[in-house]
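Enquirer: Could you work out the structure for the sequence below:
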Amino acid sequence: MLIRILGAAAGGGFPQWNCNGRNSAAARAGKPGFRPRTQCSLAVTANERDWVLFNASPDLRQQINETPALGAQADGPLRNSPIKAVVVTGADVDFIAGLLNLRELQPFSIYGSARVLETLAANSIFNVLDPSVVARRTLAFGQPASIEGAGCDTGLVVEAFPVPGKVALYLESTRADDNYGSREGDAIGLKVTDAASGQHFFFVPGCAVVDAELADRLKGAPLVFFDGTLYTDDEMIRQGLMQKTGQRMGHISISGPEGSIASFAPLGVKRKIYVHINNSNPVLDDNSPERQATEAAGWEVGVDGMEIRL
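Expert: Numbers count the residues shown, from 1 in each chain. I've put the predicted structure just below:
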């Protein structure tokens, strides 16, 4: 199984188009140690022919163009695509907007929780993906599903599970005491398995806390891609970028006694990679103390184009 990080940044990418914060300004100026990143998505193949995308970011067209294996193949018909399915982990704009790049009556399948598929169905713009051509398939929690699309079995099996999180911003209610209308299935994690070899990894790009159930599930995992949105809960407030904490946005912090570094420390996960990294996060500076502390704790900071073979 081959895994490629198409994008490692959170919503808005890095640098964000309208951001003049320290990190974005440095990346835009080409300062060493600040590598640009597109918005979070993975591409995975079990046979190096048929590919499955995990989340479809607004940058998907760029990501496909920068990854020849995902584009129309020269030995194929006039219209062809190696992308056989897209699995989405939430209804956030940076997880689903890229689906619109895949219009053109190209057969593939979309997999997601019932909550997310309801959101797609309620928004008529997604009808450009004609349901008679693009199948929509619900992932039931705790039930492994073989990922199929365009008449082929990709050889990948996905098991979805709910994780602590929050409903997408544009779907929020006004009730803070109800977590702004969040329900089970608004944020999910995935266990992705190569059916032939049994090799597997976990993908959890959005998560508010590592609770006991999630910790149990990830214990001893060979590889986890995990939510690296913020280093500290209040960093966007301190930097003057937004008056919201990470917890208000449904994202755990990297640092602190309840952060992901501390939460993962007793779990024995063999390889841990941060994705969905916000432009405010100091780990985006290759030379920052926060980056050094993160790597010293055994974590890697994801970057576009990184490949992992299991």
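Enquirer: Where does pLDDT dip in the protein?
Expert: 169, 172-178, 180-183 (pLDDT under 70).
Enquirer: Could I get the full set of helices for it?
Expert: Counting by DSSP state H, the chain has helices at residues 22-28, 60-65, 93-96, 114-122, 212-218, 235-238, 246-249, 260-264, 289-296.
Enquirer: Distance from the chain centre to the first one, please.
Expert: Okay, so that is helix 22-28. Offset of helix 22-28 from its chain centre (Cα atoms, centre = their mean, to the nearest Å): 22 Å.
Enquirer: Buried residues, that helix. List them.
Expert: R22, N23, S24, A26, A27, R28 (16 or more other Cβ atoms under 10 Å). Every residue, glycine included, has its C-beta placed from N, CA and C.
Enquirer: With distance to E213 as new columns, can the residues you listed be given to me in TSV?
Expert: What follows is the buried residues of helix 22-28, written out as TSV (distance: Cβ to Cβ, whole Å):
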residue	distance to E213
R22	37
N23	34
S24	36
A26	39
A27	37
R28	41
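Enquirer: residues in contact with V275?
Expert: V275 is in contact with I5, A8, C40, L42, P205, F225, F226, D227, G228, G302, counting by Cβ atoms under 8 Å, 6 or more residues apart in numbering.
Enquirer: so what's it bridging to?
Expert: Note on V275: beta-bridge partners by DSSP bridges are D227.
Enquirer: returning to that earlier point: now, of the helices of the chain, which is deepest in the fold?
Expert: Mean neighbour count (mean count of other Cβ atoms under 10 Å) peaks for helix 93-96 among those, with a mean of 24.
Enquirer: And G13, how far from D285?
Expert: G13 sits 16 Å away from D285 when distances are taken as Cβ to Cβ, to the nearest Å.
Enquirer: ok, those two, which is more surrounded?
Expert: G13 (25 against 20; other Cβ atoms under 10 Å).
Enquirer: ok, D234 to A187 distance?
Expert: 21 Å.
Enquirer: any idea which of the buried residues of helix 22-28 is closest to T119?
Expert: Distance to T119 across the buried residues of helix 22-28 (Cβ to Cβ) is lowest for S24, with 29.2 Å.
Enquirer: any idea how far the closest residue in space to L53 that isn't next to it in sequence is from S253?
Expert: In space, and not counting its chain neighbours, L53 is closest to V86: 4.5 Å by Cβ to Cβ, 6 or more residues apart in numbering. With distances taken as Cβ to Cβ, V86 is found 29 Å from S253.
Enquirer: Comparing those two, which shows the higher neighbour count?
Expert: V86 (28 against 23).
Enquirer: Now for that one: which residues touch it?
Expert: V52, L53, F54, N55, A56, L99, L102, F108, S109, I110, Y111.
Enquirer: and if we set it to 10 Å?
Expert: Counting by Cβ atoms under 10 Å, 6 or more residues apart in numbering, V86 touches 41, 43, 51-56, 60, 95-96, 98-99, 102, 108-112, 129, 134, 147, 149.
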